[in-house]
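# Have a look; sequence and predicted model below, questions after that.
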Amino acid sequence: MKDRAEALVMASFAGDSLALGAHWIYDVDEIERRFGRVETLLKPSPDSYHPAKDAGEFTHYGDQTMALLESVAEFGSFDLEDFSRRWRKLFSDYRGYFDHATKGTLQGFEHGKGPSESGSHSTDLAGAARIAPLVYRYRNDLPSLISAVKSQTAMTHNAPAVIQSAELLARVTHAVLAGSAPVQAMKAVADELFKGEPVASAVHEGLESLGLSAKEAILDLGQSCNVKAALPAVVYLIARYETDLKEALVQNTMAGGDSAARGMVVGMVLGAHRGMEAIPGDWLAAMRASQRIRDLLTRIEESPRGS
């Protein structure tokens, strides 16, 4: 399990970094014209949402996930206060993009709200896409995992749909680490724990799209950040490419829109399923924070597990 636990974190970051160059381009033909088939880590163009970034870096989603990973490594567990301090420090002089959820959360902090009250009302999947470090830390403690996942998500995305999506994805990845196949895990978690809830409908909507190509499915389901579109798209990608992590992340990027948030989730689940050998070595070599991530995971392994 250790290999697959490391892989779920590394592949989540890789999904974000692969998407960086084409992130938030909604015209799939434009992606094809400008980049061809995206299977290497690309530098964003000057007219993108991430002009200050370089190839192998992360979007603002990946950068926030690094802040979470650093916090967990420092404490050996999840500490909301520490994560909130690191998150605010990240954006105090940030050279990347500030999305609506980030701006709204910063305003909450400025108005004196604590991290359990600061969250925006954003329904973007991004808040639920940061959870890989928590799945790694609490892979043997499901109750603590669910509690931490909900708290970290609500700090910036205090919308029931996003918090519920985070719980579903944490439970699915936990089940995959325990040996379930991803499709089996998604169906079981949706039907047994979320029956009648929007996230269960999202799972079935994604699975019902498997007859379509990736571009067709995601154009149909929606390319946007909102969980209503992004969660079914994630389910589709995981199911369609259940045994091929690389192709899942390539097709995710080629499908446009908020490919970074989708890529983080798809990478996490399929990394847990397929292990480190499924992640292209050239991606790991080109990802600038690779060694830093590995060092932080080692610190988590070596830290006392008092909580």
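Arrived safely, thanks for sending.
# which helices and strands sit right next to the host helix or strand of Leu249?
Secondary structure from DSSP states H and E places Leu249 in helix 245-254. Packing partners of helix 245-254 (3 or more Cβ pairs under 8 Å, 6 or more residues apart in numbering; DSSP states H and E): helix 2-19, helix 28-35, helix 214-221, helix 227-240, helix 259-274. Where C-beta positions appear, they are placed from N, C-alpha and C, glycine not excepted.
# and the angle from the third one to helix 259-274?
Meaning helix 214-221. 120 degrees (axes from the mean of the first three to the mean of the last three Cα atoms, to 10 degrees).
# tell me how far helix 214-221 is from the chain's mean position?
Relative to the chain's own centre, helix 214-221 is displaced by 19 Å; criterion: Cα atoms, centre = their mean, to the nearest Å.
# pLDDT on it, on average?
In this model, helix 214-221 has an average pLDDT of 98.
# Buried residues of the helix holding Leu249, list them for me.
245-246, 248-254 (16 or more other Cβ atoms under 10 Å).
# so what's Gly108 closest to, chain neighbours aside?
Distances taken as Cβ to Cβ, 6 or more residues apart in numbering place Ser118 nearest to Gly108, at 3.6 Å, with adjacent residues excluded.
# Now for that neighbour: which residues touch it?
Going by Cβ atoms under 8 Å, 6 or more residues apart in numbering, Ser118 touches 84, 105, 108-109, 155-156, 158.
# mind running it again at 7 Å?
105, 108-109, 155 (Cβ atoms under 7 Å, 6 or more residues apart in numbering).
# in what helix or strand does it lie?
Short version, using DSSP H and E: Ser118 is in no helix or strand.
# got it, and Ser71?
Here Ser71 is assigned to helix 60-75, by DSSP H and E.
# what angle do that helix and helix 2-19 make?
Going by the same axes, to 10 degrees, helix 60-75 makes 150 degrees with helix 2-19.
# then helix 60-75 to CSV, C-alphas only?
What follows is helix 60-75, C-alpha atoms only, in CSV (Å, rounded to 0.1, in the frame of the first residue of the first chain):
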residue,chain,number,x,y,z
HIS,A,60,-3.0,27.9,-7.5
TYR,A,61,-4.7,24.6,-6.7
GLY,A,62,-1.5,22.7,-6.5
ASP,A,63,0.2,25.5,-4.6
GLN,A,64,-2.5,25.3,-2.0
THR,A,65,-2.2,21.6,-1.8
MET,A,66,1.6,22.0,-1.1
ALA,A,67,0.7,24.3,1.8
LEU,A,68,-1.6,21.6,3.1
LEU,A,69,1.1,18.9,2.7
GLU,A,70,3.7,21.1,4.4
SER,A,71,1.3,21.7,7.3
VAL,A,72,0.6,18.0,7.8
ALA,A,73,4.3,17.2,7.6
GLU,A,74,5.1,19.8,10.2
PHE,A,75,2.5,18.6,12.7
